[in-house]
Every structure is written in structure tokens, then in C-alpha cells.
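Visitor: Quick one, what's the 3D model for this:
(one chain, ligands or ions: 2)
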Amino acid sequence: MNSSFLQTPIDYLKGVGPNRATLLKKELGIHTYQDLLNLFPNRYLDRTQYYKIGRLQRTSSEVQIVGKIINIKTVEQKRGKRLVATFIDETGKMELVWFRGHKWIRENLKLNTPYVIFGKTNWFNGTFSMPHPEMELLETHEKSIRSAMQPVYPSTEKLTNSGITNRVVNGLMQQLFSETKNGFTESLSKPLLEQLKLLSKSEALFNVHFPKNQELLARAQYRLKFEELFYIQLQLIRKNLVHKSKIKGYPFTQIGDNFSTFYKEHLPFELTNAQKRVVKEIRNDLGSNAQMNRLLQGDVGSGKTIVALLAMLIALDNGFQACLMAPTEILSVQHYNGLLELCKELNTSISLLTGSTKASKRREIHKNLENGSLNILIGTHALLEDKVKFSNLGLAIIDEQHRFGVAQRSKLWHKNEYPPHVLVMTATPIPRTLAMSVYGDLDISVIDELPPGRKDIKTVHRFDSNRLKVFRFIRDEIAKGRQIYIVYPLIQESEALDYKDLMDGYESIVREFPPHGPGPNYQISIVHGQMKPADKEYEMNRFIKGETQIMVATTVIEVGVNVPNASVMIIESAERFGLSQLHQLRGRVGRGAEQSYCILMTSHKLSQDAKTRLETMVRTSDGFEIAEVDLKLRGPGDLMGTQQSGVLNLRIADIIKDSEILKIARSYAMQTLKADPNLASEENIPIKKTFAQLVKYRNIWNYIS
Ligand code: ADP
Ligand code: MG
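Guide: Numbers count the residues shown, from 1 in each chain. Ligands and ions are numbered 1, 2, ... in the order given. A predicted model of the protein is given here:
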């Protein structure tokens, strides 16, 4: 069946009138035959089994029973009417219940006639009941041909309420298959089908909607998942290849004074092997004629900054400028101070530009940027303002990019005639499989090794009832000269309740650690999202300078802040934080030479997921392992980048469960394009055509922004 036929509007399918068409479009996004075909079942019900009422278990979920209705009555309730029927078989009786559609049911249901019913059972007051059962006369049921595995399609309340039940969708699917005569154009190449022993497109589509048996269903799903992931990867890899061949970058061929002198004489420590490897990867990119577009992943404290500096020095050696952009003022300042210190023996000029840079200083920076005398500019998104004009920007580094929109990222490109090389650094570890889908068009470097001598952060879980012990511990640590973070959840900064928790917490901390009076005295900083930036800055700086011993804060301190003397991180209501957030917060300590601690405080009431999160934190500090668990718990929805990349819009594959298929699809997509970049060969015709269709009908843009 050719693909333009499949673009027929759904309105033309027999059984779909204007009303149904509107609903299908609105509720499920089904506009064409193709869309309906790609409505894949969420799950399948085993309809080969029949149950007896007398043998139902309270734990049974969905059951199919043969029996008859012996009476039917309306029951008045406070919350409205209910229709209740008594349903019996030879082993017992149960109730069928309807909350809606009473009139139709009363008029159409036959008493004392054998029915096959199907649905979920509830157990209440010694009786089983089934709300809104699926029902069919036994006589009809026996005549209809249906597969043993009955597909359950995605639906919405509106659809079911408007009578577009699963059965109706199933009927439409049958209609579609009879109109298409089950002939679908093959969309993968012969070699692929053979090497992977895949079902043909037609067999796969048929068996996913009308599975003949479990095995064919599994093979059908495999084939369709593979296809889906294969085309996404094909698109991403092609984008990357095209990018490399088309988007020229300034080749940085010189390794000159700045880099060499620094590397030989001023490196404050020996690089870890991971850092060396990554520097080499970056050097290779910078030395080629293509623009670098690289993501650098490295856990908190893995030492990304020095890598960034080395890359910037290469740019300088080749007569270019470099910039480093961070998401907050505090982080920019820290980077600035850190880099000034590292470069103090070099002959480089470095400036800082943020929202609070004074107008005169700002003008000076603008001028020096344009005349080229300024080498490195560090700052916040103030760097993106139109007035900021580099004379020759060669490298842009973006730290913690998840705080930046993609649009902002690309804005930097237009500062110059040619785009600068781009290095994006992130401390949020992304599991490889997800990174492949989200950032398939970026090259990825990973620092998977912490600098030597780093002491593991001791992480414990404590219940609120142990608070006094925790306070004692804090006191002891402060007595040793350490500083403490206490973090409260302020998940949505507007939530009044969270805010109250924070303030209550702050007051109790002040009571416990008084600023004056007999005994030791304490200074406490507080930082939260409702404060003015300047006040936040002030409080933050007091803590950084060591003037305060305790920092009470919300997650605003999450990213990047570096206070090596802080050795204890206490996270209040830790059960309310996500894993990656807990991990980021813990990364604020363990930055100095001292043993550091992370204490996760919770109440006794914990959900299963919360327990898993806490156990994971206590067990490991490996960011990638934590990210894997997080991905399993939450799905990809909340992870950075997934929104833009649309990996959530997958129709049949699942980014977590199908990561093996993803790897295979990626490697085959890579092979295919390597062997035949333009998909011009005879055997790749099906792939070329399918790809063109996907692009033409914009289906693929659902996946790739
Ligand atoms: P992040 O990857 O979180 O940005 P940083 O670059 O801030 O990490 O590095 C964290 C700390 O580790 C810094 O104090 C830095 O000086 C130090 N560091 C980085 N690399 C090494 C190394 N190879 N050996 C020893 N210390 C290092
Ligand atoms: Mg950093």
C-alpha cells in the first residue's frame, strides 16, 4: 500500500463519521490512516482464559466470565444513581455496576441470556463487583473471530464517554486493514531485515494489532521498535555528519605559548586520565576544519573547569577569544576568581560580565572585546546581549547548560561571521542510552573519574526523631571549624507551605544555634528564591567568606557553588527531592580535604520510591549509577533535554526498557550511513523513501526539535 494512500484523512474510513473524526483528532492526534495505524496498543489482554465467580480471588485483576443477569435495579446514593445488576454463573453471584449510561443499558441488556463479560473486579462487603464491564452476548462472542491477545489501545475519558471504546477502535483497525488489504510498503532494507531476522513491515503491523500468538507479537513489537529508533538515530547521525561536513569552524592548529607554558609549568595538579582523554578529544575537534559541538559530562567535582581552561588557552594560542558562560552570578564570579588564580602567571586578560557589572566597567569590556585586547570573557547570560561583540570569538563554553534554553545557546553562534566552537559542560549525568537519543547530534565526552585523594562523602539517612543527635553533630563539626548547609525543599518557590517550612526551620536553627548569649555563638545565612538577587548574593558571600557557619537555603544553592570548607550537607524532607537533585546537593560538600557528610532527614512515612531514592544515595556516589536509577524511577520525562528532544513522543519504543534495541538501532544507522551517506544504493531505496516520507509529513519532527 503506498504511503500517499495512508495519508488519507481519517474521515474517509468507513465507520468514522464527522463526530468521531473530530474526537479522534482532538483526543489522540489521529488525522490520517497512517496515524491510526501507528496507534499502538498499550498492552494486551489474554482472552483465552475464563474465570468462575466462585473461584475469583480478591487479587484477580481483569477477568473474563460467562454467565447471565438475573435482575437489574437502580440504587439511589448521595452522590447519584447507580445501576446494579446481579450476575450469576453455576458457581456463584456477583454485581455489575454502572454509573452512567443507565437508559441505554436498561433498554438493551437481556435478562437470563448468556453473556461474556470482561473487566476489573472489586471486592467489597463480601461480594465481587465489576464496574462498567465489557459485555458481549455469548452467541455473538463465539461467532466473532478475534485473536487471543486482545489489544488495549490508548484512550481518554472523553473518547470512552462518547462511545469510542476499545472495541470500536479495534473495529476501525479491522476496517483499515481490510481496506489496505494488509499490504504495506517495506520501510527497511533487505540486508537489515535479514541480518536482524526482522518481520516484514506488513507482518509486523498485522501482528501488533491482531497478534496471532505471543511469539509473533514479540517479534512484531521488536521490528517496530527497531524501526522507530533506527529512523530517529538516522536523523540524528545525519544531522551530525552534515554538520561536520558543512559547518566550518576555525581550525586551531597551533599549540602555542599559553597552552604549553600552562601545561608544563602551571598545572596545579596532574590531570586524571579521564581529563587527559577529554582534553585530547577536544584538541582533535578544535584542530579539524569542522565546528566543534561537544557535550562534556562530568560529575560534580570531576574537574571540568581545568579542561575548559585548557580549551580556552588553545583558542588564545590561535589568535581567538573565548568565553565561558555560567547560569548564575555566583557561579560566574567563582569561575572568574578561579581562572584568574590559575592564569596569574600567564599573559592573558580575563574579564567578568554579569548583570551587576557597573556601566563604566561594562563599556570598557565592550571596547576591549571589540578591539581584541580582551582574551577571555566570563559571565552570565549578560554575555548574550547585543552590545557584546567579540572581535573574533573562537570558543564558547557553557557551564551547566540545563539552565539555558536551546535558543539561548544558539544565539552565541551569531556573534561572529563563523560560529565559534561550542563546548557544553554539565554535571547532570545522563545515562548513555538517553544521551544517545537526546544529544545524538552532539559529540559526547565523559570525565568518569574523580581526582585522586577525594574522600567519599559519608551519607546517612536519619529520621526526624533523631534531630537532637544531628544538632549535636553539627555543633561538633562547627567546633572543628567546618561549615554546614541545611537545605529545605522549596519545590515550587511559590508554595506558601514550603516557604513556611523553611522559615520555621530557620527559626528553630537560630534557637538551637544562637548568635549571642552564653556558650558558643553562631552566624547563620539564609538564601531562598523569594529574596532579591542582591540580598541573596550578600548572604551567599558571607558564607563563602566563612563569616557564617550555617547556610539555611532552598535548592538555589544546587548548582556549582564551591565552598571547600563546608563539610556537612543536611537535606530536610529528603523524601521530597528527586534523586538527581539530592546528588547535586550532596556535591556541594566534599570539596575540601576534610571528611564530608551528607545527612538525609525524613519523616517515618516513606513511599517505596522515596525509600529507593534514599537507599541509592546512601549506597553510591556514582552519578551515572544514580542517573540510571533515577531514569528507572521517573522515566525520562523530568530529565534535562528530554522535553526538547521529544524522546517522550516515541510511539512504541520505550527509552528505558528498550535501551538494548536503541543501541542496535544506533549502530545499524551508523553503519548504513557510513557505507552509503546519501542512501543512494539500490538496497537502501526503502530507507531513503521512508526517510523522505518522514521528513515530508513531518512525523520525524515530533521527535527531533
Ligand atoms: P566540576 O567538574 O564540578 O566543575 P571543578 O572543575 O570545580 O569540578 O573541580 C573540583 C575541584 O577539584 C577543584 O578544586 C579543582 O581544583 C580540583 N581538581 C580538578 N582536577 C583535579 C586533578 N586532576 N587533581 C586534583 N584536583 C583536581
Ligand atoms: Mg563546575
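
Visitor: Could you point out which residue ranges in the stretch 551-700 of the chain have low pLDDT?
Guide: 556-560, 635-649, 697-700 (pLDDT under 70).

Visitor: now the helices for it?
Guide: All helices of the stretch 551-700 of the chain, identified by DSSP state H, counting those that start in this stretch, fall at 579-586, 608-619, 623-634, 642-645, 659-675, 685-696.

Visitor: What's the local residue count around the residue in the stretch 401-550 of the chain positioned nearest to ligand 1?
Guide: In the stretch 401-550 of the chain, the residue that lies nearest ligand 1 is Pro451 (3.3 Å; C-beta to the nearest ligand atom). For the C-beta atoms, the positions are set from N, CA and C on the backbone; glycine is no exception. Using other C-beta atoms under 10 Å, Pro451 has 16 other residues around it.

Visitor: Doesn't it lie inside a helix?
Guide: No - assigned with DSSP: H, G, I helix; E, B strand; the rest coil, Pro451 falls outside any helix and is coil.

Visitor: how close does it get to Thr32?
Guide: For Pro451, the distance to Thr32 equals 56 Å [C-beta to C-beta, to the nearest Å].

Visitor: what does Glu628 give?
Guide: Using C-beta to C-beta, we find Glu628 at a distance of 38 Å from Thr32.

Visitor: Which single residue of this structure ends up nearest ligand 1?
Guide: Residue nearest to ligand 1 within the chain (C-beta to the nearest ligand atom): Gly303, separated by 2.8 Å.

Visitor: Contact partners for that residue?
Guide: Contact partners of Gly303, counting by C-beta atoms under 8 Å, 6 or more residues apart in numbering, are Leu271, Thr272, Gln275, Ile447, Leu450, Pro451.

Visitor: Now do it, the pLDDT please.
Guide: The model reports Gly303 with a pLDDT of 92.

Visitor: Got phi/psi on it?
Guide: phi 90, psi 50 (degrees, to the nearest 10).

Visitor: Longest helix in the protein, please.
Guide: helix 214-246 (DSSP state H).

Visitor: Just give me how far the helix or strand just after it sits from the chain centre.
Guide: Downstream of helix 214-246, the next assigned helix or strand under DSSP states H and E is helix 257-261. Averaging C-alpha positions (C-alpha atoms, centre = their mean, to the nearest Å) puts helix 257-261 40 Å from its chain's average.

Visitor: which parts of helix 257-261 are buried?
Guide: For helix 257-261, the neighbour count (16 or more other C-beta atoms under 10 Å) marks Asn258, Phe259 as buried.

Visitor: State the mean pLDDT of the following helix or strand past that helix.
Guide: Per DSSP H and E, the first helix or strand lying C-terminal to helix 257-261 is helix 273-287. Taken as a whole, helix 273-287 has a mean pLDDT of 95.

Visitor: Report the angle between helix 273-287 and helix 214-246.
Guide: 60 degrees (axes from the mean of the first three to the mean of the last three C-alpha atoms, to 10 degrees).

Visitor: What helices and strands are in contact with helix 273-287?
Guide: If you count contacts as 3 or more C-beta pairs under 8 Å, 6 or more residues apart in numbering; DSSP states H and E, helix 273-287 packs onto strand 293-298, helix 304-317, strand 421-426, strand 443-447.

Visitor: can I get the helices of the stretch 551-700 of the chain in a markdown table with mean neighbour count and distance to ligand 1?
Guide: Formatted as a markdown table, the helices of the stretch 551-700 of the chain follow (neighbours: other C-beta atoms under 10 Å; distance: least, C-beta to the nearest ligand atom, whole Å):
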| stretch | mean neighbour count | distance to ligand 1 |
| --- | --- | --- |
| helix 579-586 | 24 | 10 |
| helix 608-619 | 17 | 18 |
| helix 623-634 | 20 | 10 |
| helix 642-645 | 17 | 23 |
| helix 659-675 | 18 | 26 |
| helix 685-696 | 17 | 38 |
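
Visitor: now those helices as CSV including distance to Tyr597?
Guide: Output for those, formatted as CSV (distance: least, C-beta to C-beta, whole Å):
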stretch, distance to Tyr597
helix 579-586, 10
helix 608-619, 12
helix 623-634, 18
helix 642-645, 33
helix 659-675, 34
helix 685-696, 52
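
Visitor: quick one, helices of the stretch 101-250 of the chain?
Guide: Using DSSP H, counting those that start in this stretch, helices in the stretch 101-250 of the chain cover 102-108, 138-143, 157-161, 166-180, 190-195, 201-209, 214-246.

Visitor: So which of these is nearest Gly379?
Guide: helix 214-246 (27.0 Å; C-beta to C-beta).

Visitor: Domain parsing of the protein, as residue ranges.
Guide: The chain breaks down into these domains under automatic domain parsing: 1-42+151-183, 48-145, 257-287+303-426, 458-620.

Visitor: could you dump those to JSON lines with distance to Lys212?
Guide: Formatted as JSON lines, the domains of the chain follow (distance: least, C-beta to C-beta, whole Å):
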{"stretch": "domain 1-42+151-183", "distance to Lys212": "13"}
{"stretch": "domain 48-145", "distance to Lys212": "11"}
{"stretch": "domain 257-287+303-426", "distance to Lys212": "45"}
{"stretch": "domain 458-620", "distance to Lys212": "37"}
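
Visitor: Check the burial of Gly92 by counting its neighbours.
Guide: Gly92: 15 neighbours (other C-beta under 10 Å).

Visitor: Quick one: residues contacting it.
Guide: Lys52, Ile53, Gly54.

Visitor: out of those residues, who's nearest Leu490?
Guide: The nearest one, if we look at those relative to Leu490 and count by C-beta to C-beta, is Ile53, at 52.6 Å.

Visitor: who's in contact with the closest one?
Guide: Ile53 sits in contact with Ile65, Gly67, Phe87, Ile88, Asp89, Thr91, Gly92, Lys93, Met94, Phe128, where contact means C-beta under 8 Å, 6+ apart.

Visitor: Show the buried residues in the residues you listed.
Guide: Buried among the contacts of Ile53 by 16+ other C-beta under 10 Å: Ile65, Gly67, Phe87, Ile88, Asp89, Met94, Phe128.

Visitor: Let's see which of those end up in strands.
Guide: Members of the buried ones among the contacts of Ile53 lying in strands (criterion: DSSP state E): Ile65, Gly67, Phe87, Ile88, Asp89, Met94, Phe128.

Visitor: and the residues you listed as a markdown table, adding pLDDT and distance to ligand 1?
Guide: Formatted as a markdown table, those follow (pLDDT from 0 to 100; distance: C-beta to the nearest ligand atom, whole Å):
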| residue | pLDDT | distance to ligand 1 |
| --- | --- | --- |
| Ile65 | 94 | 60 |
| Gly67 | 96 | 66 |
| Phe87 | 97 | 64 |
| Ile88 | 96 | 68 |
| Asp89 | 96 | 66 |
| Met94 | 96 | 61 |
| Phe128 | 93 | 58 |
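
Visitor: Show me where the stretch 401-550 of the chain has its helices.
Guide: Going by DSSP H, counting those that start in this stretch, the stretch 401-550 of the chain shows helices at 406-411, 432-438, 467-479, 496-512, 533-544.

Visitor: Quick one: classify Leu395 as helix, strand or coil.
Guide: Going by three-state DSSP: Leu395 is strand.

Visitor: and it, how many residues sit next to it?
Guide: For Leu395, using other C-beta under 10 Å, the count is 28.

Visitor: Now do the contacts for it.
Guide: Per C-beta under 8 Å, 6+ apart, neighbours of Leu395: 286, 292, 311-312, 314-315, 320, 322-323, 420-423.
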